[in-house]
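>>> Sequence and predicted model, in that order:
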Amino acid sequence: MKSRFPSAFGLLHQAVIMGTLSLAGISSAFAAAAPLVVEKEHRVAAAKDARLILVLDLKPNLGDLQKSGAEASDLIRATAARYAKDYLAQPEFSSSPKVVVYLISVESMDEYNRAKFDGMKRYGTIAFEKKGDEVVLTEDKLSFSP
């Protein structure tokens, strides 16, 4: 039978992750989840108007998300927050006050091994705003179920 109370190691792990995300300037209620690693070839970023558009392809991470079960949404939110902060810190995007993260899964590739976006699955968007040195969640339209 699984205990309802987290182990001491689990509490320590959660505290370390929350502290790390707090030091990184990510202000959110989902700071307890450790972010996924989305490889560079599965990320696209572009400045549009006064905001940054960031697309994260979660297809390579779907196995990890399915294993995480009910915590998958928190894991995706933490991942979106991490990359929003990382990209807003880059010189070419640092003037953008807002970032909208599109969470997708590219299901197929064309004959040149390029992503076919017309057949992708969309999991929603999460928006963040830069407030001083912090990146704050402003809109959450995530719809993901493992």
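In hand now; what should we look at?
>>> Go ahead and flag the most central residue of this protein.
Ala80 (1.8 Å; CA atoms, centre = their mean).
>>> For that one, list the residues it contacts.
For Ala80, the contact set (CB atoms under 8 Å, 6 or more residues apart in numbering) comprises Leu54, Leu56, Val101, Leu103, Ile126, Phe128. Where C-beta positions appear, they are placed from N, C-alpha and C, glycine not excepted.
>>> Okay, and which of the residues you listed map to strands?
Leu54, Leu56, Val101, Leu103, Ile126, Phe128 (DSSP state E).
>>> beta partners of the third one?
Residues found in beta-bridge contact with Val101 (criterion: DSSP bridges) are Leu54, Ile126.
>>> what about it, distance to Tyr112?
Here Val101 is placed at a distance of 27 Å from Tyr112 (CB to CB, to the nearest Å).
>>> between these two, which one's more packed in?
Remark: of Val101 and Tyr112, Val101 carries more neighbours, 25 against 5, as counted by other CB atoms under 10 Å.
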